[in-house]
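Participant: Sequence and computational prediction follow.
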Amino acid sequence: MKLFECMGKDLFRSQGIPVPDGEVITQAAQAAGVLERIPAAVLKSQVLSGKRGKAGGIKFPRDAAEAVAQAGELLGQELQGYQVEKILVEEKLTIQHEYYLAITVENSMRCPLILASAAGGMDIEEVPEEMIVRRPVDPVLGVSEYVGREIAWRMGLSGEPSKQFAALLPGLYRLFMELDAELVEINPLVWTGEKLVAADAKVTVDDEALYRHPDLPRVEEKTALEQKAQAIGLSFVELDGDIAIMANGAGITMATLDIIQHYGGRPANFLDAGGGANVEQTAQALELLLATNPRVIFINIFGGITRCDDVATAFSQVKKTRGIPVPVVIRLVGTNEARGVEILRETGIEAYRSMSEAAAKAVELAQKA
Amino acid sequence: MAIYIDENTQVLVQGITGRQGSFHTGQMLAYGTRIVAGVAPGRRGQTVEGVPVYDTVAEACSRYRVDASVIFIPAAGAKDAVLEALEAGVGVVVCVTEHVPLHDEMLMVAAARRKGAVLIGPNTFGVVSSGKCKIGIPPNQVFVPGPVGVVSRSGTLSYEIVANLLAAGIGTTTVVGMGGDRIAGRNFIEVLQDFENDPETKAVVMIGEIGGTAEEQAAEYIRHHLTKPVVAYIAGKSAPPGKRMGHAGAIIERGRGTFAGKVQALQAAGVQVAGLPLEVPELIKEVI
């Protein structure tokens, strides 16, 4: 889950990381009050997109009247697919130098990785490799000030900026750990001549760990159907085709979409009914498929932890209780296969054993419909 | 030979009394896996499928030689269970649990390194040394001994491909589920290295998917260090960017982790990449 900049900055502040003075507004008129307190201010649209500056989401008003006018333009505007609902009005910093600092999870080393650069203010992907300091962290040792001093030295920092950098890094790492973050990023980290200040805040929290953070406000990026799927514990992505897909396991679900495409069909969705889905969950998954208004439903099950008879029972239940108005192709093999095939036969459906044959049939039916 | 586990491996099941734990204990026993004990706090003295249950891994390990442990514990307790097994000195720990928080996974990996243990998963179907020992949740019928090693990020897709191999008369040495999360206790490179050192394995099938750079790094490793032939299949060709396709790791971000990029890297390392799961057996036949 990505957090808005203003939420990230509140968290930074709680760890003693300096951030600009500022306030969040949701109505244009509120800008005037903030400008009274902070005359040299910047207006920053709070959206989850990284490139909002280039998209016109950041404004530098000359006075309170202009701030109100600009806030009025920004609020309600769509920026890269996101509606602007709030604006962070904060003090404009004196910039002597811009640095980059982030902590992320490194997949292949399988540990936290600190990324830092003396070339901040631009996308880190555009920074030359030799300008980036990479420092893996042993999670058992953690990050204390010496790590900050070491990185500051490798970045070419000295004097006061180096000292402040070393003081701020442990707080950022503490936040990364306490929040179960996938990413905490400060870009730019601004040297004003007196202070190092986090001019931006990008924080992404691990979705799987959200249950440990009940107090954290939820930020939603999913479509309505995707949210419904999430609520019942299914992994679902809407696509724009007409063959509704359900499989069990992320890998085989992806392969099922691929094979449908291979035969010239268009998948309506990605739906991984999960390992070990029981009758009730499977029935809910089927309901979700019907909500995409498909021409054909294709169910591809290779039962391991999922049991073929559970899937067949769920299918037969949904068919009996609410009816299924479109053709259905089912491929069913694996754990408790014989029983599953038997149950399907009772509902009048002959299960396929081969994934390719079943996929080809589903595409053929969709093209006829 | 085989890797990680064989016919002599003695196995402990953590979370043995749960719905999945008890069902799969029965399935593993049916495959021939030597399960010596189970753990479920507060259930000491019970039995599941004839297997004695203890409250702690420490007690189970004091009574039996335990070579490997498999974990069927919900995500919130998975870290605790993995650390308990590692501390008790278990050499191979297989964490089936999905939805484990990333930070817990980092700690598990760091702990396994310190103990010199093999951690497989989390979010894995497990590991099978065909005809010898099955640890985890895959269906029994497709794992028949043969010359091919398999390493995969995905469970059901592995069963699909292993079944296709079997239909073509090709069996497997060991089939390893890396797990579908961003972090894998044992990753492609490590498993490829282990297959390289296994004399019975003549060729390797690598089953990857979009997202991350694990396949690209594996390709680099294959190019420089692997003498055995590798055939790959990559899932997610039709996946749109920015959408997480089920697995935590399966997402194309900022143009990285794409299907095309992975296929290109693998082909440049001399790996044959199958277009469909069905084509894997034909490509394997060409190289062995």
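Facilitator: That came through, no problem.

Participant: Could you pull out the helices in chain B for me?
Facilitator: For chain B, the helices defined by DSSP state H occupy B:19-31, B:57-63, B:75-87, B:102-115, B:155-167, B:188-196, B:214-225, B:259-268, B:280-287.

Participant: mind checking how far the fifth one is from the chain centre?
Facilitator: Using C-alpha atoms, centre = their mean, to the nearest Å, the distance from the centre of helix B:155-167 to the centre of the chain it belongs to is 14 Å.

Participant: likewise the longest one?
Facilitator: Between the centre of helix B:102-115 and the centre of its chain there are 17 Å (C-alpha atoms, centre = their mean).

Participant: what's next to that helix, contact-wise?
Facilitator: Outside helix B:102-115, the residues that touch it by C-beta atoms under 8 Å, 6 or more residues apart in numbering or on different chains are A:105, A:110-112, A:138-140, A:177, A:180, A:182, A:206, A:208-209, B:78-79, B:82-83, B:86-87, B:89, B:93, B:95, B:118-119, B:122, B:181-183, B:185, B:248. (C-beta placed from N, C-alpha, C; glycine too.)

Participant: Throw together a ChimeraX command that grabs the buried residues out of those residues.
Facilitator: To isolate the buried members of these in ChimeraX, using 16 or more other C-beta atoms under 10 Å in any protein chain shown:
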select /A:105,110,111,112,139,177,180,182,206,208,209 /B:78,79,82,83,86,93,95,118,119,122,181,182,183,185,248
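
Participant: Narrow the contacts of helix B:102-115 to those in strands?
Facilitator: Counting by DSSP state E, those place A:105, A:111-112, A:182, B:93, B:95, B:118-119 in strands.

Participant: just those now: which is nearest A:Gln83?
Facilitator: Nearest to A:Gln83 out of these is A:Glu182 (C-beta to C-beta; 24.4 Å).

Participant: That closest one is in contact with A:Leu210, isn't it?
Facilitator: No - the criterion here is C-beta atoms under 8 Å, and A:Glu182 misses it with A:Leu210 at 11.6 Å.

Participant: coming back round to it: mean pLDDT for the helices of chain B - can I get that in a markdown table?
Facilitator: Shown next, in a markdown table, are the helices of chain B (pLDDT from 0 to 100):
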| stretch | mean pLDDT |
| --- | --- |
| helix B:19-31 | 96 |
| helix B:57-63 | 98 |
| helix B:75-87 | 98 |
| helix B:102-115 | 96 |
| helix B:155-167 | 94 |
| helix B:188-196 | 97 |
| helix B:214-225 | 95 |
| helix B:259-268 | 95 |
| helix B:280-287 | 96 |
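
Participant: Distance to A:Ile324 for the ones you listed - can I get that in JSON lines?
Facilitator: Output for the helices of chain B, formatted as JSON lines (distance: least, C-beta to C-beta, whole Å):
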{"stretch": "helix B:19-31", "distance to A:Ile324": "28"}
{"stretch": "helix B:57-63", "distance to A:Ile324": "47"}
{"stretch": "helix B:75-87", "distance to A:Ile324": "33"}
{"stretch": "helix B:102-115", "distance to A:Ile324": "39"}
{"stretch": "helix B:155-167", "distance to A:Ile324": "23"}
{"stretch": "helix B:188-196", "distance to A:Ile324": "41"}
{"stretch": "helix B:214-225", "distance to A:Ile324": "38"}
{"stretch": "helix B:259-268", "distance to A:Ile324": "32"}
{"stretch": "helix B:280-287", "distance to A:Ile324": "33"}
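
Participant: So which of those helices is the most surrounded?
Facilitator: For these, the largest average neighbour count (mean count of other C-beta atoms under 10 Å in any protein chain shown) is found in helix B:155-167, namely a mean of 26.

Participant: Quick check: nearest residue in space to the residue of the stretch 151-288 of chain B found nearest chain A, chain neighbours excluded?
Facilitator: In the stretch 151-288 of chain B, the residue that lies nearest chain A is B:Ser154 (2.1 Å; C-beta to the nearest C-beta). Computed as C-beta to C-beta, 6 or more residues apart in numbering or on different chains, the closest residue to B:Ser154 that is not its neighbour in sequence is A:Gly251, at 2.1 Å.

Participant: contacting residues for the one you found?
Facilitator: B:152-158, B:180, B:207, B:209, B:235, B:246-247.

Participant: which of the ones in strands among the contacts of helix B:102-115 lies closest to B:Gly242?
Facilitator: For those, the nearest to B:Gly242 is A:Glu182 (15.0 Å; C-beta to C-beta).

Participant: State the distance from that closest one to A:Thr292.
Facilitator: 29 Å (C-beta to C-beta, to the nearest Å).

Participant: repeat for A:Pro161
Facilitator: From A:Pro161 across to A:Thr292, the span is 54 Å (C-beta to C-beta).

Participant: What strand or helix carries the residue of chain A found nearest chain B?
Facilitator: Nearest to chain B in chain A, going by C-beta to the nearest C-beta, is A:Gly251, at a distance of 2.1 Å. Assigned by DSSP states H and E, A:Gly251 belongs to helix A:250-262.

Participant: Pull the CA coordinates from that helix and hand them back as PDB.
Facilitator: C-alpha atoms of helix A:250-262 as PDB (Å, rounded to 0.1, in the frame of the first residue of the first chain):
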ATOM      1  CA  ALA A 250      -0.800 -17.500  -9.500                       C
ATOM      2  CA  GLY A 251       1.600 -19.200 -12.000                       C
ATOM      3  CA  ILE A 252      -1.000 -21.400 -13.600                       C
ATOM      4  CA  THR A 253      -3.500 -18.600 -13.700                       C
ATOM      5  CA  MET A 254      -0.900 -16.500 -15.700                       C
ATOM      6  CA  ALA A 255      -0.200 -19.400 -17.900                       C
ATOM      7  CA  THR A 256      -3.900 -19.800 -18.500                       C
ATOM      8  CA  LEU A 257      -4.200 -16.200 -19.700                       C
ATOM      9  CA  ASP A 258      -1.200 -16.700 -21.900                       C
ATOM     10  CA  ILE A 259      -2.600 -19.800 -23.500                       C
ATOM     11  CA  ILE A 260      -6.000 -18.200 -24.100                       C
ATOM     12  CA  GLN A 261      -4.200 -15.400 -25.800                       C
ATOM     13  CA  HIS A 262      -2.100 -17.900 -27.700                       C
END
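
Participant: just the angle between it and helix B:259-268, please?
Facilitator: Interaxial angle of helix A:250-262 relative to helix B:259-268 (axes from the mean of the first three to the mean of the last three C-alpha atoms, to 10 degrees): 100 degrees.

Participant: Do me a favour and average the pLDDT over helix A:250-262.
Facilitator: Averaging pLDDT along helix A:250-262 yields 93.

Participant: next one: that helix to chain centre, how far?
Facilitator: For helix A:250-262, the distance from its own C-alpha centre to the chain's C-alpha centre is 22 Å (C-alpha atoms, centre = their mean).

Participant: same question, stretch A:310-328
Facilitator: Distance, centroid of stretch A:310-328 to centroid of chain: 33 Å (C-alpha atoms, centre = their mean).

Participant: Per the annotation, how does chain B divide into domains?
Facilitator: Per automatic domain parsing, the domain ranges recorded for chain B read B:10-120, B:138-287.

Participant: Tabulate the ones you listed (JSON lines), appending distance to A:Gly81.
Facilitator: Converted to JSON lines, these look like this (distance: least, C-beta to C-beta, whole Å):
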{"stretch": "domain B:10-120", "distance to A:Gly81": "26"}
{"stretch": "domain B:138-287", "distance to A:Gly81": "10"}
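
Participant: Mind pulling the model confidence for A:Glu78?
Facilitator: Value listed for A:Glu78 in the pLDDT field: 85.

Participant: number of nearby residues for it?
Facilitator: Neighbour count of A:Glu78, defined by other C-beta atoms under 10 Å in any protein chain shown: 10.

Participant: Ignoring the adjacent residues along the chain, who's closest to it?
Facilitator: Closest to A:Glu78 by C-beta to C-beta, 6+ apart is A:Val84, at 7.6 Å.

Participant: quick one, what contacts the one you found?
Facilitator: Taking C-beta under 8 Å, 6+ apart as the test, what A:Val84 contacts is A:45-47, A:57, A:74-78.
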